[in-house]
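Q: I'll drop the sequence and a predicted model, then ask my questions.
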Amino acid sequence: MSAFSESALEKKLSELSNSQQSVQTLSLWLIHHRKHSKTIVRVWFSELRKAQVPRKLTFLYLANDVIQNSKRKGPEFTDDFAPVIIDAFKHVSSEGEDGCKKQLDRVLSIWQERAVYENDVLEKLTEVLHGEKKAKKRPYEQIKARDEDFASRSSPAEPPQTADLIRALQELENAASSDSALRQRISALPPEVQDSSLLHRVTDKESGERLSRLVEEACMMLADYSGRLAAEIDDRRQLTRLLSLFLQSQRDGLAKNEQKLEEYKRKLAQVSQVRKELRSRLSSLPDLSRLPSVTGSHVRLPSSGDLYSPSD
């Protein structure tokens, strides 16, 4: 990839279009140069405010792609976009084209589902778009929000809990790869949306604007689905690691229980031997219960009259 510089970044931003390929290509370049994330965000925000109205929303699409796809490599962009993202939403929603709030709301919904930012940031973004707090959506993949907590708690000494694994497995039943309805929508996209060589078919402004709307919707839909698939891959890798820890803990527990079983079998054999020998000894002892009892009775001693009768 080409070397990073502010001038190179400004040039690339000036050439940014609302096509999926343009957004993703520049996103990959920015993520590759993530060590310059602070400079990138500063220049991005400056160029966003100077951009023509039809292009402002594309800058947010770019930020969305960078934030979501850079998380696996580090938190730099997520952290550095945080101080300006609320102002960026305000700027685009107030100066953007009609209908841009709907697109911004879709970006926000994705961030809510992914727990991209803390609740206070998401609530401020919601207020920017709607003027009041909306009911918080249930996160699409709560395992993502728990992964870091799991990673901090889960270790060979502290294996994951069975309930957590069950919940993670249940949530994967609704993962992106199972969304057949969305895949059908993607496969039904018209060829003009996916093939730039067919743009010659656009012969008037009305058809061009209609195709532009389709391209924007397709870009958001594909970016969303790509992010969901990437998140699912991370979830499955995390789940694989947790299952390995869980299986190892079960093996360790099995080995310990087998040792305990052998130990208590030996104890049982020893106690059984004591019982056997005790019974044998008891059977050879006299039964004291059959002897006369003197407790509480008067024993009469022979008197002199008994010893000598008158006839003697």
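A: Good, I have the coordinates.
Q: Quick one: low-confidence residue ranges for the stretch 1-150 of the chain.
A: Scanning the stretch 1-150 of the chain for pLDDT under 70 picks out 1, 96-99, 132-150.
Q: Recalculate using a threshold of 80.
A: By pLDDT under 80, the low-scoring segments of the stretch 1-150 of the chain are 1-2, 72, 95-99, 131-150.
Q: Compute the number of surrounding residues for Asp252.
A: Residue neighbour count, defined by other Cβ atoms under 10 Å, stands at 12 for Asp252. C-beta coordinates here come from the backbone N, C-alpha and C atoms, glycine included.
Q: Would you confirm that it belongs to a helix?
A: Yes. Assessed by DSSP: H, G, I helix; E, B strand; the rest coil, Asp252 belongs to a helix.
Q: Let the chain start at 620 from now.
A: With the count now opening at 620, the last piece we talked about shows up as Asp871.
Q: quick one: it and Phe700, what's the gap?
A: Computed as Cβ to Cβ, to the nearest Å, the Asp871 to Phe700 distance reads 44 Å.
Q: how close does Glu695 sit to Ile650?
A: Counting by Cβ to Cβ, the gap from Glu695 to Ile650 is 9 Å.
Q: Overlap in contacts, those two.
A: Common neighbours of Glu695 and Ile650 (criterion: Cβ atoms under 8 Å, 6 or more residues apart in numbering): Ser689.
Q: For the stretch 670-819 of the chain, just list every one of the helices.
A: Using DSSP state H, counting those that start in this stretch, the helices found in the stretch 670-819 of the chain span residues 672-689, 695-714, 719-733, 738-749, 761-772, 781-791, 799-806, 810-813.
Q: right, so those helices: which one is the most enclosed?
A: By mean neighbour count, with neighbours taken as mean count of other Cβ atoms under 10 Å, helix 672-689 ranks first of these at a mean of 21.
Q: Next up, the contacts around Phe678.
A: Residues near Phe678 by Cβ under 8 Å, 6+ apart: 632, 635, 663, 666-667, 670, 707, 711.
Q: of the residues you listed, closest to Arg820?
A: Arg820 lies nearest to Leu635 out of the contacts of Phe678, by Cβ to Cβ, at 23.8 Å.
Q: The closest one: which element?
A: Following DSSP states H and E, there is no helix or strand that holds Leu635.
Q: Look up phi and psi at it.
A: phi -60, psi 130 (degrees, to the nearest 10).
Q: Let me know whether it touches Val642 as I believe.
A: Yes. Applying Cβ atoms under 8 Å, one finds Leu635 in contact with Val642, separated by 7.2 Å.
Q: Comparing these two, which residue is more hemmed in?
A: Val642 (24 against 19).
Q: per-domain residue ranges of the chain.
A: Domains of the chain are assigned by the TED database as 625-749, 781-900.
Q: circling back to that earlier point, closest to Arg691 among the contacts of Phe678?
A: The nearest one, if we look at these relative to Arg691 and count by Cβ to Cβ, is Trp663, at 20.4 Å.
Q: okay, now that closest one: neighbour count?
A: 23.
Q: what do you get for Lys654?
A: Here the number of neighbours of Lys654 (other Cβ under 10 Å) works out to 11.
Q: What residues does it make contact with?
A: Glu695.
Q: Just to be sure, it is in a helix?
A: Yes. Under three-state DSSP, Lys654 falls within a helix.
Q: Please tell me how far it sits from Gly693.
A: Lys654 is 9 Å from Gly693, by Cβ to Cβ.
Q: got any residues that touch both of the two?
A: In contact with both Lys654 and Gly693: no residue, using Cβ under 8 Å, 6+ apart.
Q: I'd say Ser868 and Pro778 touch.
A: Yes. With contacts counted by Cβ under 8 Å, Ser868 reaches Pro778, the gap being 3.5 Å.
Q: So those two - more neighbours on which side?
A: More crowded of Ser868 and Pro778, by other Cβ under 10 Å: Pro778, with 20 against 16.
Q: Who are the contact partners of that one?
A: 864-865, 867-868.
Q: which of those residues are buried?
A: By neighbour count, with 16 or more other Cβ atoms under 10 Å, the contacts of Pro778 hold 864-865, 868 as buried.
Q: Mind giving me the packing neighbours of the host helix or strand of Leu632?
A: Assigned by DSSP H and E, Leu632 belongs to helix 625-633. Helix 625-633 sits against helix 639-651, helix 656-669, with contacts defined as 3 or more Cβ pairs under 8 Å, 6 or more residues apart in numbering; DSSP states H and E.
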